[in-house]
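**Student:** here's a sequence, model it:
(chains A, B and C)
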Amino acid sequence: MSEHRHRTRLLPLTAAMLMLGVIGRAILALPTTGDGLAVPMRAGAEASGIPNVITAVLLDFRGYDTLLEIAVLMLATVAVLSLREDPAALSRRIAGGAGPVLGTLTRALAPIMLLVAGHLVLVGSSGPGGAFQGGAVLGAAGILLMLSGYARPAWASRRAVRWVLAVGLIVFIGVALYPLLSGGTLLQYPPENRKDLILLVEALLTLSIGASLVSLFLASASSTEGGGRR
Amino acid sequence: MLLDHLPALLVAVPLTGAALSFVAGHRRAPHVALVTAAAIVALAVALVARVLDAGPFRYAVGGWTAPLGIDLVADGASALFIVLTAIVGMGVTLYATAYFRTDDETAYGHGLFWTLWLFMWTSLNALFLTGDVFNVYVCLELVGISAVTLVTLSGGAEALRAGARYLYASMLGAMTYLLGVALLYASVGQLDMTILADTLTPDVTAATGLALMIAALVLKTALVPAHFWLPAAHGSAPSPVSAALSSLVVKGSYFVILRLMLYVIPVGYLGGTDVALGVLGSVAIVWGSVQALFQTRIKQLVAYSTVAQVGYLFLVFPLARLGADAFALAVTGVLVHAVSHGLAKAGLFLASGSLMSRFGHDRIDDMRGAARSAPVLTLTVALAGITMMGLPPSGGFGAKWLLVSSALAGGAWWWAAVLVAGGLLAAAYMFRLLAVLLADGDAVLGTPASAPRTEWVPLALAAAAVVLVAAVPLITDLASASNILIRAGVTP
Amino acid sequence: MTSYLIYVAGGALLYALGTYGLLARRHLIHKVISANLMGSGVFLILIGLGNRAEGGPDPVPQAMVLTGIVVTVALTALGLAIIKRYYSATGLTNLDDEPPAGERP
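**Tutor:** Numbering: from 1, shown residues only, chains lettered A, B, ... in the order given. As a prediction, this is how the structure comes out:
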């Protein structure tokens, strides 16, 4: 047994050392300065009047990566939902009522988190923030509510939940295709309403990302009360 | 005007379909998928016509051309793979409407097959079109996540185990590829494939980066010895998924290797990688075939046959270094092989799925007498077999002919010997399967779980692989409209 | 001006550590964590090397890392979902032990 163990560790150890050597050699061969695409990117961002160069890269120059990245996130949500064991995982109550401390805290925190999420979306165009940050806060608020004994209210149908999860991607594709009508290419926002379109996409993406995070949590939250089944 | 936007639409349309099929719910999702599939077929045919008519073209997403933005590149090779994906995708979609029809909405991933499948189709199209090495990473992960999830769709222990192993291979590939991009970018400062091809100079960092990227892609294409995850994953997935995985998904990562090795990377830049890939391909042909010969379960046999057929795809790299004539013949030959294997393998996997649901089991030896009660399926297996052995007249024969001609034009008969041996080995495992199906037997066939009308889908795909031999001139035209041959300055 | 090397060296170490873990560890969750280590290693390398630009960091590697993080999150979520389902179907936490016989799709 121990000999078997020994042998099975030799290969991973060799692989790890080999990778370390390969990376080290490649890194040390690099000159200590290298601009990459920094100069043209900064010039491009300045020319199109976008204050934050990373935002310009994410939403304009490499906006196509971001579109596919949103697709990755929705795909992951769909994937985890397809693997859930309980069909009603998204509407199940996963915790009993919250105690007085958690209850009070949740009631105080949830609205503030909503406000922060909205703020992060709004400042995203010029500073750190945006749909992912806003969505993460929104998702955290949702998970906090679930942990405090809340569940999806009955008036929100399953169809409605699916819409919330997908609306960000659907509207993003719509906005990406919109310039084709006026002779532009995919994702070539018209300058006159670029800001409004991006804000619209970001706001709905925040909603979808928040909902995705809550769904990922609920779909894999343990379906046992008190750990009955394995 | 609309024709200019074909690359964008070929990604945006299936992506919209994926999102809408999710909203539509499990009952209406198949309709969304069928409409989307029809639209993609039309767009794919239009792309082929456009590339044949006007040659390769680029599409600057966001109006920013590379190096600032991401360029999509539509050339003969990408158009060919997209139309292959469209045809096989349509077949898989039609077959799946009967396969997944169930009143139990919790079965098969709660009816989410359609959404996952359309995401996979989107990412394959995106992969065939992208001209940016980082965008390749995002596309590859979309393919990987959808493929792994589709493998686990039945929820059985065996499928989950195969899916987990596939996922770890996927993760290792993803991280290695991204590390390669990081090193390449640090050295060259570019991500666009065409700009890279123009600016690559000998440099240890760039070469390391490219080698890591190729290694990661080889893992995702399941070239021996990195094939360990494939047989279980392709064998235990639902049959429509197996067809898509074996026929299309391995071609996705392979397509990127093709573009990197023959378009981006200068000759000799990575030392003997060309020959090494060819040798591994030869080993794969022999090893995969021998394994296929000893399988007792039908889908495992077909999956090991994929391991072998993937090997042929890698013979192009040494052959392409044997002079201009050999280069053009090898590239054309490997494109014909990719298409004929794609069609035949999809037909074979779908037919295996139908045989399994007819018999209620997957043991080859207990399928005696299938020819009498399931003639359409047996004919499908026979036609797929013809093209995989490379017997005339078939697409597989056209591919072997071109590849052998390439080897002889380059004066390297040993690669031709590998090709001939591969055909004989394929004959061995296909005849073994056919002998059982055609044998006298009193196999009691259970009630077909899927409507027999869908048994025509695999037959159509396998027949298309045979008839493909007539389309070799068309594929030759597409090959000469590929950036690989244009850049090398050779015409077939 | 070689402070970037600290980040890059850290990244390379994390990457090698992750490679070892992914290949050597048997527990399925350990493997997922190892893959995440590899990811963090690559991200550190990307950011570190991007700091070699003059006049402020190169924004392209930063954008690549942001995209990479989302992809890694997606892979991790899928991995954990599969592991949980596999555990509840077989009671196993690794792929080396055979699942109980009789279970076949």
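**Student:** only C-alpha atoms from now on, for both contacts and neighbour counts.
**Tutor:** Will do.
**Student:** show the average pLDDT along whichever helix or strand residue A:113 is part of.
**Tutor:** Element membership of residue A:113 [criterion: DSSP states H and E] is helix A:100-123. Here helix A:100-123 scores 94 as its mean pLDDT.
**Student:** which strands and helices lie in contact with the following helix or strand past it?
**Tutor:** The first helix or strand that comes after helix A:100-123 along the chain, using DSSP H and E, is helix A:131-147. Packing partners of helix A:131-147 (3 or more Cα pairs under 8 Å, 6 or more residues apart in numbering or on different chains; DSSP states H and E): helix A:100-123, helix A:194-220.
**Student:** ok, residues contacting the helix holding residue A:113?
**Tutor:** Helix A:100-123 is contacted by residues A:128-131, A:133-135, A:137-138, A:141, A:144-145, A:148, A:199, A:202-203, A:206 when judged by Cα atoms under 8 Å, 6 or more residues apart in numbering or on different chains.
**Student:** of those residues, grab the buried ones for ChimeraX.
**Tutor:** Filtering those down to the buried ones (16 or more other Cα atoms under 10 Å in any protein chain shown) takes a single ChimeraX command:
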select /A:129,130,131,133,134,135,137,138,141,144,145,148,199,202,203,206
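**Student:** quick one: which helix or strand includes whichever residue of chain C sits closest to chain A?
**Tutor:** Closest approach between chain C and chain A, counting by Cα to the nearest Cα: residue C:53, at 4.1 Å. Here residue C:53, judged by DSSP H and E, is contained in no helix and no strand.
**Student:** same question, residue B:486
**Tutor:** Here residue B:486 is assigned to helix B:483-488, by DSSP H and E.
**Student:** what sits up against that helix?
**Tutor:** By Cα under 8 Å, 6+ apart, helix B:483-488 touches B:56, B:75-77, B:259, B:262-263, B:328, B:331, B:479-480, B:491.
**Student:** of those residues, closest to residue B:110?
**Tutor:** Using Cα to Cα, residue B:77 is the member of the contacts of helix B:483-488 that lies nearest residue B:110, at 36.7 Å.
**Student:** which ones are touching that closest one?
**Tutor:** B:335, B:478-479, B:481-483.
**Student:** quick check, pLDDT for residue A:8.
**Tutor:** Residue A:8 is assigned a pLDDT of 73 by the prediction.
**Student:** in the chain, where is pLDDT below threshold?
**Tutor:** Using chain A here. Along chain A, segments meeting pLDDT under 70 span A:1-7, A:222-230.
**Student:** chain B, not that one
**Tutor:** For chain B, the ranges with pLDDT under 70 are B:1, B:102-104, B:442-451.
**Student:** regarding it, what is its longest helix?
**Tutor:** Looking across chain B with DSSP state H, the single longest helix is helix B:6-54.
**Student:** quick revisit: farthest pair in the contacts of residue B:77?
**Tutor:** The distance between the two most remote of the contacts of residue B:77 (Cα to Cα) is 13.4 Å, for B:335 and B:483.
**Student:** picking up where we left off before, wait, which of the contacts of helix B:483-488 is closest to residue A:40?
**Tutor:** For the contacts of helix B:483-488, the residue nearest residue A:40 by Cα to Cα is residue B:263; the value is 25.4 Å.
**Student:** what residues does chain C put near chain B?
**Tutor:** Within chain C, the positions adjacent to chain B are C:22, C:31-32, C:35, C:38-39, C:42, C:45-46, C:49-50, C:61, C:64, C:71, C:74-75, C:78-79, C:82-83, C:85-86, C:89-90, C:95, C:99, C:103-105 by Cα under 8 Å from any Cα of the partner chain.
**Student:** pull out the buried members of those residues.
**Tutor:** In those, the ones that pass as buried (16+ other Cα under 10 Å) are C:22, C:31-32, C:35, C:38-39, C:42, C:45-46, C:49-50, C:61, C:64, C:71, C:74-75, C:78-79, C:82-83, C:85-86, C:89-90, C:99.
**Student:** in helices, which of these appear?
**Tutor:** C:22, C:31-32, C:35, C:38-39, C:42, C:45-46, C:49-50, C:61, C:64, C:71, C:74-75, C:78-79, C:82-83, C:85-86, C:89-90.
**Student:** is residue B:57 in contact with residue B:74, as I believe?
**Tutor:** Yes. Counting by Cα atoms under 8 Å, residue B:74 is a contact partner of residue B:57 at 5.5 Å.
**Student:** make a markdown table from the contacts of residue B:77 and add neighbour count and distance to residue B:278 to it.
**Tutor:** Converted to a markdown table, those look like this (neighbours: other Cα atoms under 10 Å in any protein chain shown; distance: Cα to Cα, whole Å):
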| residue | neighbour count | distance to residue B:278 |
| --- | --- | --- |
| B:335 | 24 | 16 |
| B:478 | 24 | 24 |
| B:479 | 30 | 21 |
| B:481 | 23 | 25 |
| B:482 | 27 | 22 |
| B:483 | 23 | 22 |
